[in-house]
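how would this look folded up:
(one chain, ligands or ions: 1)
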Amino acid sequence: ASGAAGTAPDPPAAPGSAADLAALQRVVPQPTTITANAGVFAFGATTAIHASAGAEPIAADLAAYLKQQTGLAVSANGGADAPVQLVLQPTGGDPEWGTEGYKLVVRSTSVKITAADAAGLFHGVQTLRQLVAGDNKVQAGVISDHPRFGYRGVMLDVARHFYSVADVKSYIDAAALYKINEFHLHLTDDQGWRLTVPDYPKLTSVGGASQVGGGAGGSYSAADLKAIVDYAASRYMTVIPEVDMPGHVGAAVHSYPELACDGRKHGAVTTVSPAYDSLCTKSESTYGFVDSVMKAAAEASPGPLLHMGGDEAQALNLTQYNGFVKRAQDAVAGTGRTPVAWAEAATAPLLPQTILEYWDTAHPLPAVAQAATRGTKLIMAPGDHAYLDQQYTPGFPLGLHWAGYTSVSKAYDWDPVTVLPGVPPTAVVGVEAPLWSETVKSLADAETLAFPRLPAVAEIGWSAPVTHDFKQFAGRLGKQAGLWGRVGIRFYRSPEVPWS
Ligand code: TNX
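Residues are numbered from 1 along each chain as shown. Below is the predicted model of the structure:
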């Protein structure tokens, strides 16, 4: 064994008891392998963290998390002999780690996280946060961990109700605890347009000034979006901006009536139900608009993906819809980004790189699995498992139920590679948990719908299928409540979970 504190070799660790192993069974998502050893590491007022070159920001994160969770002022600038070690090891580590995996070794005298990349160290820190029980102690043992899928996303709908930059950051923070690495921002819809587009200022000055229920709405400046993107990056999350078209454009045609074929005045949409307006697909100026909007969306995030919507374009026939999807993909590709679209776009000629997001479990389209067999990649967000806006139970005060009621076990009991029959497993790039906000008026509402189901979807995206077991998951989930209390995440006390 190498010296955890970089000096003398460690003595061999004595194997842990069943109780020691149980003490490590509190991590969500379930890690790849866990071995318990005898002993416990205790964080104290003088504990210090040492970071290897490049790992300094993660040491600062860990110190800040520990301060928030435990009140202890742990130093992030410990020397090479500090008991807590964060080690960036770009070569020569376990090849299974990839960029997001890590190894955590806890001994009674030391804690060491090793990873090939800063993202892996960050995820290891999330595991450690969950293991620091209420008494600031961590059971000794070894955890080796890496994700099943590279895409593990959440989506926040900031169009139906507007969320401040501070609220968006809080949502990102809560998702980071469960190793989510993609943040999909649904920026435009019937009820509001939140993305500043320099060529079309009324999109935000007019189209931004509404939301469901008639409230004031709002929009993000380029600086606001940069703040969100930078914050997400500090949580090892990539932002995917979405501009939804050719349907779900109520706010756009309210701002610029000439974008619709009828040219009539379109009032602000403040209802829950969609307006079923459409961009005018036969007008060439529509595509100038599409180019301007995609350019602004691409400038909003440096990430490789740009979501172009494409759902529920009820006002168009299939020829009009398919023709629009083709041109919108070209507009996205022209910005250098990879297009992502809701699964309806499977009927159109797709660029080879376009990724589809599967959602509508109530009306599965055969074209989706067919596209996947031809090589199109899929993000799995099945409405009846992964939609965080669906009610937990009939009568639940928040949420809709078009896809059915989604209990915690329903959110957990699915496999991305079998959820849509006919899809080759290699087509699946990962999972996403969307939170549509027609009924979601505040960060507290958002958290109440997301917790505890977001951790369930996160585990589906991260953990190996052999670990799948609801009872065992529910036990680990119940142990998260103390941490949620300490960091201020609101949640629904589902009776399916043994809260402790
Ligand atoms: C369907 S999911 C929609 C959204 C709604 C959602 C409510 C999707 C691509 N379209 O516009 O907000 O249902 O659950």
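
what does the protein have sitting close to the ligand?
With CB under 6 Å from any ligand atom as the criterion, the chain meets the ligand at residues 311-312, 342, 359, 387, 389, 400, 402, 436, 438. Any C-beta I mention is one placed from the backbone N, CA and C, and that applies to glycine too.

Please pick the buried ones from these.
311, 342, 359, 387, 389, 436, 438 (16 or more other CB atoms under 10 Å).

Check the residues of the chain next to the ligand against Asp230 and report the nearest one.
Distance to Asp230, by CB to CB, is smallest for Trp436 among those, at 25.6 Å.

any idea of the pLDDT on the closest one?
Trp436 is assigned 98 on the pLDDT scale.

Once you drop chain neighbours, what's closest to it?
Using CB to CB, 6 or more residues apart in numbering and skipping residues adjacent in sequence, the residue nearest Trp436 is Asp389, 4.1 Å away.

Check Ala275 too.
Nearest residue to Ala275, sequence neighbours excluded (CB to CB, 6+ apart): Gly250, at 3.8 Å.

What count of nearby residues applies to that neighbour?
Using other CB atoms under 10 Å, Gly250 has 28 other residues around it.

what does the domain assignment say about the chain?
As given by automatic domain parsing, the domain ranges for the chain are 18-145, 151-464.

In JSON lines: those, plus distance to Trp484.
Formatted as JSON lines, the domains of the chain follow (distance: least, CB to CB, whole Å):
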{"stretch": "domain 18-145", "distance to Trp484": "11"}
{"stretch": "domain 151-464", "distance to Trp484": "7"}
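
circling back: and which of the residues of the chain next to the ligand is nearest to Met294?
Trp342 (16.0 Å).

quick one, phi psi at the closest one?
Backbone geometry at Trp342, expressed as degrees, to the nearest 10, gives phi -60, psi 160.

hang on, it packs against Ala313?
No - using CB atoms under 8 Å, Trp342 is not in contact with Ala313, being 9.6 Å away.

still on that earlier bit, report the contact partners of the residue nearest to Trp436.
Counting by CB atoms under 8 Å, 6 or more residues apart in numbering, Asp389 touches 157, 399-400, 434-440, 449.

now for the buried ones among the residues of the chain next to the ligand, which pair is the farthest apart?
Among these, Trp342 and Glu438 lie farthest apart (CB to CB), at 16.6 Å.

what residues are up against the residue nearest to Ala275?
189-191, 266, 268-269, 274-275, 277.

What segments of the stretch 401-500 of the chain are strands?
Assigned by DSSP state E, counting those that start in this stretch, the strands in the stretch 401-500 of the chain fall at 428-435.

Could you check which residue of it lies nearest the ligand?
Trp436 (3.4 Å; CB to the nearest ligand atom).

I'd say that residue and Arg160 touch.
Yes - at 6.5 Å, Trp436 counts as touching Arg160 under the criterion of CB under 8 Å.

out of the domains of the chain, deepest packed?
Stretch with highest mean neighbour count among the domains of the chain: domain 151-464 (a mean of 21; mean count of other CB atoms under 10 Å).

looking at it, Ala341 is touching Gly310, isn't it?
Yes - here Ala341 lies in contact with Gly310, judged by CB under 8 Å, at a distance of 4.0 Å.

circling back: now do the same for the residue nearest to Trp436: its pLDDT.
98.

do the same with Ala45
Each residue has a pLDDT score; the one for Ala45 is 89.

Now do the contacts for it.
72-73.

That one: which element?
Following DSSP states H and E, there is no helix or strand that holds Ala45.

So it versus the ligand, what's the distance?
48 Å (CB to the nearest ligand atom, to the nearest Å).

go on, Thr335?
22 Å.

Nearest spatial neighbour of that residue, chain-adjacent residues omitted?
Distances taken as CB to CB, 6+ apart put Ala298 closest to Thr335, at 3.7 Å, once the chain neighbours are dropped.

Go ahead and name everything in contact with the helix or strand where that neighbour lies.
According to DSSP H and E, Ala298 maps onto helix 284-300. With contact meaning CB under 8 Å, 6+ apart, helix 284-300 is reached by 187, 195-200, 203, 222, 225, 229, 239, 241-243, 245, 252, 256, 258-259, 279-280, 306, 308, 327-328, 331-332, 334-337.

And the strands in the stretch 251-400 of the chain, which stretches?
With DSSP E, counting those that start in this stretch as the criterion, the stretch 251-400 of the chain has strands spanning 305-309, 338-342, 355-358, 377-380.

quick one: pLDDT of the nearest residue to Ser409 once chain neighbours are set aside?
Ranked by CB to CB, 6+ apart and with sequence neighbours excluded, the top spatial neighbour of Ser409 is Phe470, at 5.2 Å. pLDDT recorded at Phe470 is 98.

What of Asp291?
98.

Check the one 4 residues further on too.
Turning to Lys295, the model gives it a pLDDT of 98.

do Val229 as well
Reported pLDDT for Val229: 98.

Check Asp135 too.
Note on Asp135: pLDDT of 87.

sec struct for it, please.
Using DSSP: H, G, I helix; E, B strand; the rest coil, the structure places Asp135 in coil.

now it: how far from the ligand?
Counting by CB to the nearest ligand atom, the gap from Asp135 to the ligand is 42 Å.

any idea how far Arg476 is from that residue?
Using CB to CB, to the nearest Å, we find Asp135 at a distance of 18 Å from Arg476.

got the contact list for Gly217?
Going by CB under 8 Å, 6+ apart, the list of residues near Gly217 reads 162, 191-192, 194, 208-211.

Can you flag which of the buried ones among the residues of the chain next to the ligand belong to helices?
Taking DSSP state H, every one of those sits outside helices.

Just put these in JSON lines and tack on distance to Ala176.
As requested, those are exported to JSON lines (distance: CB to CB, whole Å):
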{"residue": "Asp311", "distance to Ala176": "27"}
{"residue": "Trp342", "distance to Ala176": "25"}
{"residue": "Trp359", "distance to Ala176": "24"}
{"residue": "Tyr387", "distance to Ala176": "21"}
{"residue": "Asp389", "distance to Ala176": "21"}
{"residue": "Trp436", "distance to Ala176": "21"}
{"residue": "Glu438", "distance to Ala176": "26"}
